[in-house]
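Q: This is a predicted model, with the sequence first.
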Amino acid sequence: STLRQGAHYENQIRRHTVAAGPRTEALDCDPLDEAACLLPWPNDAFTVPDASTPTGRRLAISADSTPKNTSGTPIDVTDQNRADGFSPGSAVLALVPHLSIEKSAIAPSTDIGSSLDPAAPIVLLDTTANSRVPYWAELDAQAPEGKQVLMIRPAIAFGEGHHIVVGLRNLKDADGNTIAPSTSFTAALEGTPEPPERAGDFTAIFDALENNGVQRNELYLAWDFTVASTESLSSRALTMRAAAYGALGDAAPSFTVTSQSDSGNIRTIDGTYEVPNFLSGDGSPGSTLLLDDTGAPKQSTTQPMYVAPFRCLFPLNGNMPTIIYGHGLLGDLGQVDGLSFAANMGLAGVCGTDEIGMSTPLYPLFTMRSAASRFSGGSGWMPSSSRPSPRSLSNENSTARRPSRTIPNARAGPPSCSWIFGSPCGNS
């Protein structure tokens, strides 16, 4: 995170020298953490009210507050700021100087259950569900001493559209001494936060914690955040899926077999197939989603179809249910070879592709100095992934069913049966 600058604080404070009331502006930096601008994270201090969203909030992160690359360019947060909350898989981050995980009895990955103990030093409270969220936590092992961020990892996904309150209490240093809260948080505890418009927010946070057994005088730090809604998280992907399936009707995607070879009981088939292209340019690394005036994805008019590669392995005899294999980050379609045993034993065929936004061709994008600012080039790819759909494998004219006409003794499942198993790997 970007280190704070004195002038940055002064400008922010001047903007909020009004009588206390509901907060309507996002903060550039949260004064609760005097070391790094965007900590603690995630944080509703970096959101604004928005009645048009399902959660009633919208991210409003200032680009000037984000980390900068070696050329001094901050991250472009335009796409992040369309969301109505934070990721349901977010790690919760805070900097607690001199914190000892062991002395504080913070739940490690080997004892997640202790995170729900009544006296646990960290509380993740889902106020929407009125329940606590299990977690485990650690210090950033890569950071130098004194700058190790506390990373709280939820053991289950936060509820989509839910409101989360974070409470850190009775934290200890290596000598077992209780770590005192910062001056900024002490002011919040006393009802005089900076800016003063946050007083109502903190009152609600403290009340929620007290109702769940966490007393104000125990707190080292507390804040809240909103989790993005289902609509915010998935509407783009669902829009593209509906458009693609609508264009296909009952047909299978158009495909071409470029090569095939037999080895033992396995036939390997390589080829390409077409999927609708919702990306800028030709869909290569760095492409971003094309959006209409409402922010919904739209199909490219200059290159409406994207040609994706595939590889399938089929048994030369036996039944042929088909596994759709999804590789992890920076993998590729060649990883389906690792499931060749299924085909060799006549148990199943397996098909895979280079998943847009996850595959090896994305590597150059991430190695550039401006990678963080260009992340939307990767995240924009992901919703338009070229993973083969169940329909592309179950249709009578699909890749998976045609080999049954050419492979001796092979039998495909009837069209009415799905015979498909998802096999996600790693981050896919």
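A: Received, thanks.

Q: hang on, G89 in a strand?
A: No - if the criterion is DSSP: H, G, I helix; E, B strand; the rest coil, then G89 is coil and not within a strand.

Q: hang on, isn't it packed against A157?
A: Yes - G89 is within contact range of A157, at 5.7 Å (criterion: Cβ atoms under 8 Å). From N, CA and C alone the C-beta is placed, and that goes for glycine too.

Q: Residue ranges in the chain under the pLDDT threshold?
A: Within the chain, the segments meeting pLDDT under 70 span 1-22, 318-320, 357-428.

Q: Contacts only, for E160.
A: By Cβ atoms under 8 Å, 6 or more residues apart in numbering, E160 lies in contact with 88, 227-230, 233.

Q: what about the residue lying closest to S300 once chain neighbours are set aside, how many residues close to it?
A: Of all residues not flanking S300 in the chain, N277 sits nearest, at 4.7 Å (Cβ to Cβ, 6 or more residues apart in numbering). Close neighbours of N277, defined as other Cβ atoms under 10 Å, add up to 24.

Q: Against T302, how distant is N277?
A: Using Cβ to Cβ, to the nearest Å, we find N277 at a distance of 9 Å from T302.

Q: quick check: longest helix of the chain.
A: In terms of residue count, the longest helix belonging to the chain (DSSP state H) is helix 230-248.

Q: Which elements pack onto that helix?
A: strand 266-276 (3 or more Cβ pairs under 8 Å, 6 or more residues apart in numbering; DSSP states H and E).

Q: would you put the C-alpha positions of the strand it packs on in PDB?
A: As requested, the backbone C-alpha atoms of strand 266-276 are provided in PDB (Å, rounded to 0.1, in the frame of the first residue of the first chain):
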ATOM      1  CA  ILE A 266      -6.300 -43.400 -26.200                       C
ATOM      2  CA  ARG A 267      -7.300 -41.200 -29.100                       C
ATOM      3  CA  THR A 268      -6.000 -37.700 -28.800                       C
ATOM      4  CA  ILE A 269      -7.900 -35.000 -30.800                       C
ATOM      5  CA  ASP A 270      -6.700 -31.400 -31.100                       C
ATOM      6  CA  GLY A 271      -8.600 -28.700 -32.800                       C
ATOM      7  CA  THR A 272     -10.400 -25.300 -32.500                       C
ATOM      8  CA  TYR A 273     -13.900 -24.200 -31.900                       C
ATOM      9  CA  GLU A 274     -15.700 -20.800 -32.000                       C
ATOM     10  CA  VAL A 275     -17.200 -18.900 -29.200                       C
ATOM     11  CA  PRO A 276     -18.800 -15.400 -29.200                       C
END
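
Q: With P195 as the reference, measure out to the residue lying closest to G176 once chain neighbours are set aside.
A: Distances taken as Cβ to Cβ, 6+ apart put K103 closest to G176, at 5.2 Å, once the chain neighbours are dropped. Separation of K103 from P195 (Cβ to Cβ): 34 Å.

Q: Likewise for A343?
A: From A343 over to P195 the distance is 63 Å, taken as Cβ to Cβ.

Q: swap in S52?
A: S52 is 25 Å from P195, by Cβ to Cβ.

Q: Also T272?
A: Look at T272 and P195: by Cβ to Cβ, they are 56 Å apart.

Q: So those two - more neighbours on which side?
A: Between T272 and P195, P195 has the larger neighbour count (other Cβ under 10 Å), namely 19 against 16.

Q: I'd assumed T24 was in contact with that one.
A: No - using Cβ under 8 Å, P195 is not in contact with T24, being 10.9 Å away.

Q: just to revisit the earlier point, which of the contacts of E160 are buried?
A: 88, 227-229, 233 (16 or more other Cβ atoms under 10 Å).

Q: who's in contact with G191?
A: Taking Cβ under 8 Å, 6+ apart as the contact definition, G191 lies against 199, 202-203.

Q: What is the nearest of the residues you listed to L189?
A: Taking Cβ to Cβ as the measure, L189 lies nearest F202 of the contacts of G191, at 7.9 Å.

Q: Next up, the contacts around the closest one.
A: Going by Cβ under 8 Å, 6+ apart, F202 touches 188-189, 191, 193, 222.

Q: any chance of those residues in TSV, plus secondary structure and distance to K298?
A: Output for the contacts of F202, formatted as TSV (DSSP: H, G, I helix; E, B strand; the rest coil; distance: Cβ to Cβ, whole Å):
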residue	secondary structure	distance to K298
A188	helix	45
L189	helix	50
G191	coil	50
P193	coil	44
A222	strand	43
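
Q: Put together TSV for those residues, with distance to R58 on each row.
A: Listed next are those as TSV, based on distance: Cβ to Cβ, whole Å:
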residue	distance to R58
A188	24
L189	28
G191	28
P193	22
A222	23
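
Q: farthest-separated two in those residues?
A: Of all pairs drawn from the contacts of F202, the one with the longest distance (Cβ to Cβ) is G191 and A222, at 13.8 Å.

Q: Distance check, V165 against R198.
A: 14 Å.
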